[in-house]
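coordinates only, sequence not included:
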């Protein structure tokens, strides 16, 4: 499957078994969260940003952050495929292609986020990740630890191909 930035995907259960991180939004009894994907520049790392249909819950959290900090770049409320969704940048995490299960589809049509909404998500993710690289950790999970695990997985896969 060719992964495309800005499209929505689902992850395989085996990713969550490998990572074993209680903070991540996991697949639950046949229900799979959808994730907006960002390809890391010059890398095989993919950043998955979970979406939630629990919009009212995240609107309240967003409002609290707006009152307290005067801005909120970690939770966006946007319409995707005609439905309001919470884009949870604070819950983003790294993975690699082998753990991607499938596109998120409606009537067998892959769903993507385009135009200004895609740019808004990318802008907010890049700001959040930039803050993280400067030592201000906004992400809920330990993204550095997860990224190391994914880089080790890539290395193992490359070594298997050599043998």
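Cool, the structure landed. Remember, it's a predicted structure, so these values are computed and weren't measured experimentally.

At which residues are the strands of the protein located?
Along the chain, the segments classed as strands by DSSP state E run 8-11, 35-39, 46-52, 75-80, 83-88, 93-95, 100-103, 105-106, 109-110.

and of the ones you listed, who's closest to residue 120?
Set against residue 120 and scored by CB to CB, the strands of the chain come closest in strand 75-80, at 6.6 Å. For every residue, glycine as well, the C-beta is placed using N, CA and C.

which other residues reach that closest one?
8, 51, 55, 58-59, 61-62, 65, 84-90, 111, 113, 117, 120-121, 124 (CB atoms under 8 Å, 6 or more residues apart in numbering).

Return the set of buried residues in it.
For strand 75-80, burial by neighbour count (16 or more other CB atoms under 10 Å) applies to 75-76, 78, 80.

now the strands of the chain as JSON lines including mean pLDDT?
JSON lines is the format used below for the strands of the chain (pLDDT from 0 to 100):
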{"stretch": "strand 8-11", "mean pLDDT": "94"}
{"stretch": "strand 35-39", "mean pLDDT": "95"}
{"stretch": "strand 46-52", "mean pLDDT": "95"}
{"stretch": "strand 75-80", "mean pLDDT": "95"}
{"stretch": "strand 83-88", "mean pLDDT": "96"}
{"stretch": "strand 93-95", "mean pLDDT": "96"}
{"stretch": "strand 100-103", "mean pLDDT": "92"}
{"stretch": "strand 105-106", "mean pLDDT": "89"}
{"stretch": "strand 109-110", "mean pLDDT": "91"}
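
Now distance to residue 18 too, for those, in a markdown table please.
Converted to a markdown table, the strands of the chain look like this (distance: least, CB to CB, whole Å):
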| stretch | distance to residue 18 |
| --- | --- |
| strand 8-11 | 11 |
| strand 35-39 | 16 |
| strand 46-52 | 14 |
| strand 75-80 | 27 |
| strand 83-88 | 21 |
| strand 93-95 | 10 |
| strand 100-103 | 14 |
| strand 105-106 | 25 |
| strand 109-110 | 25 |
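
Ok, which of those strands comes nearest residue 150?
Residue 150 lies closest, by CB to CB, to one member of the strands of the chain: strand 93-95, at 5.3 Å.

Determine the set of other helices and strands touching the closest one.
strand 46-52, helix 143-162 (3 or more CB pairs under 8 Å, 6 or more residues apart in numbering; DSSP states H and E).

tally of neighbours for residue 14?
Residue 14: 11 surrounding residues under other CB atoms under 10 Å.

What is the burial count for residue 91?
Neighbour count of residue 91, defined by other CB under 10 Å: 22.
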